[in-house]
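Undergrad: Need a 3D model of the sequence below.
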Amino acid sequence: MNYAIEAEGLVKTFGSEVRALDGVNLRVEQGTVLGLLGPNGSGKTTTVRVLTTTLVPDSGRATVNGFDVVKQPNSVRSSIGLAGQYAAVDENLTGRENLRMVGQLLQLSRRDASRIADELLEHFDLTAAANRPSKTYSGGMRRRLDIAAALVHRPPVLFLDEPTTGLDPKSRNAVWAVVEELVAAGTTVLLTTQYLEEADRLADRIVVLDRGAVIAEGTSAELKSDLGETVLDLGFVDPDTAERAASLFRGSWNGGVVVDGSLLELSVDSGPSQVMLALRELDSAGLNPSRMALREPSLDDVFLSLTGRRAEVTEEDES
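TA: Down below sits the predicted model:
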């Protein structure tokens, strides 16, 4: 198997106390998307920084496109694209000028830089705004321009570090469509995200990080299947009541038991009989839910069960 990205036992510490990476292992097949999930501070961005050679690991090894990230950093950099959490474009330059400048920094001829800039502007639906200063662009347009800049030299591997954070749903969908087109054309993508829907849609495989370590990996379907076939949501009047209800099932329930505020989530494998068992148990304890629903498990349930918290992102409308 040829892997576009491989990492074995990556360790990175900051100071004497912060262990940002604690033996991270990753493998990304060529032409696929790996979704890297985790709460804030889990090690996602540190992993990207090591793989893109802006940080040197304390131990472990990693290769990108067959190049060692420590021994061959220049070869790695010339074969990858990187778009970070915030659009790294010069707001005083037009969209076309930004892309031409990147091309010239990559030592393309002026003619080739102009040609590639125009091709990318068309591909990312930015031609109409090509001669406007990028400071006049919406958030979604700036993010698309940033990804376009990462593709000027047509890298086979693209790193996207939370590329849609802060975008409204319409702009987020536009970026997702771009990523899907790139992967269909053969690009390998490592995507860090806190949007579970984003990973569900784009990622062929998912790795969940927490406190610098890999705590789960697999396809979206595989991760969800670990929680059971159905989730029973039980709402209570307050978090204390939900916690009292959860204590009835911990240690004896055949499935996951998660409390999220005043909501108790029980994984159900055995169908209606298990649901009725739960309701009888609650009734006997005098703990009657104020609402109840059955649904299929989501990646958000996976994230919550693995890390003990939901993915937290700040939603901001597009400017």
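
Undergrad: Which segments of the protein make up each domain?
TA: Under the assignment named as automatic domain parsing, the residue ranges that make up the domains of the chain are 3-223, 228-296.

Undergrad: Dump those into TSV; add distance to residue 304, mean neighbour count and mean pLDDT as well.
TA: Heads up, the C-betas are built off the backbone N, CA and C, glycines and all. Converted to TSV, the domains of the chain look like this (distance: least, C-beta to C-beta, whole Å; neighbours: other C-beta atoms under 10 Å; pLDDT from 0 to 100):
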stretch	distance to residue 304	mean neighbour count	mean pLDDT
domain 3-223	10	19	91
domain 228-296	6	15	90
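
Undergrad: between those, which one is nearest to residue 305?
TA: Closest to residue 305 of the domains of the chain, according to C-beta to C-beta: domain 228-296, at 5.1 Å.

Undergrad: what ranges do the strands span in the stretch 201-319 of the chain?
TA: Listed in chain order, the strands of the stretch 201-319 of the chain (DSSP state E, counting those that start in this stretch) span 205-210, 213-218, 230-235, 257-260, 263-268, 291-295.

Undergrad: Helices of the protein, start to end?
TA: For the chain, the helices identified by DSSP state H occupy 44-51, 73-78, 95-105, 110-123, 139-150, 169-184, 196-202, 220-225, 239-247, 272-284, 299-307, in order along the chain.

Undergrad: want to try TSV for the domains of the chain, with distance to residue 306 as columns?
TA: Rendered in TSV, the data for these read as follows (distance: least, C-beta to C-beta, whole Å):
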stretch	distance to residue 306
domain 3-223	5
domain 228-296	10
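
Undergrad: circling back to that earlier point, could I get the strands of the stretch 201-319 of the chain in a markdown table, plus columns for distance to residue 132?
TA: Rendered in a markdown table, the data for the strands of the stretch 201-319 of the chain read as follows (distance: least, C-beta to C-beta, whole Å):
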| stretch | distance to residue 132 |
| --- | --- |
| strand 205-210 | 38 |
| strand 213-218 | 43 |
| strand 230-235 | 47 |
| strand 257-260 | 44 |
| strand 263-268 | 46 |
| strand 291-295 | 45 |
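
Undergrad: Residue 80: which of these is closest?
TA: Scanning these with C-beta to C-beta as the criterion, the closest one proves to be strand 205-210, at 18.4 Å.

Undergrad: and the closest one with helix 299-307, angle?
TA: Between the direction of strand 205-210 and that of helix 299-307, the angle (axes from the mean of the first three to the mean of the last three C-alpha atoms, to 10 degrees) works out to 40 degrees.

Undergrad: how far out from the middle of the chain is strand 205-210?
TA: Relative to its chain's centre, strand 205-210 lies at 9 Å (C-alpha atoms, centre = their mean, to the nearest Å).

Undergrad: So which elements touch that strand?
TA: In this structure, strand 205-210 makes packing contacts with strand 18-29, strand 33-37, strand 213-218, helix 220-225, helix 299-307, judged by 3 or more C-beta pairs under 8 Å, 6 or more residues apart in numbering; DSSP states H and E.

Undergrad: now residue 301: how far from residue 28?
TA: Distance from residue 301 to residue 28, counting by C-beta to C-beta, to the nearest Å: 25 Å.

Undergrad: nope, residue 103 is what I meant
TA: Residue 103 is 27 Å from residue 28, where distance means C-beta to C-beta.

Undergrad: likewise residue 22?
TA: Taking C-beta to C-beta as the measure, residue 22 falls 20 Å from residue 28.

Undergrad: What of residue 160?
TA: 13 Å.

Undergrad: Overlap of the contact sets of the two?
TA: Any residue near both residue 160 and residue 28 by C-beta atoms under 8 Å, 6 or more residues apart in numbering counts here, and that gives residue 190.

Undergrad: returning to that earlier point: of all the domains of the chain, which one is nearest residue 307?
TA: Ranking the domains of the chain by distance to residue 307, with C-beta to C-beta as the measure, places domain 3-223 first at 5.0 Å.

Undergrad: Neighbours of residue 308, how many?
TA: 12 (other C-beta atoms under 10 Å).

Undergrad: Endpoints of stretch 205-218, how far apart?
TA: Taking C-alpha to C-alpha, to the nearest Å, the first and last residues of stretch 205-218 lie 5 Å apart.

Undergrad: give the contact list for the nearest residue to residue 14 once chain neighbours are set aside.
TA: With C-beta to C-beta, 6 or more residues apart in numbering as the criterion, residue 14 has its nearest non-adjacent residue at 5.9 Å, and that residue is residue 20. For residue 20, the set of contacting residues under the criterion of C-beta under 8 Å, 6+ apart consists of 12-14, 43, 46, 212.

Undergrad: With residue 158 instead?
TA: Remark: with contacts taken as C-beta under 8 Å, 6+ apart, residue 158 is in contact with 80-83, 147, 150-151, 182, 187-190.

Undergrad: Lovely, talk soon.
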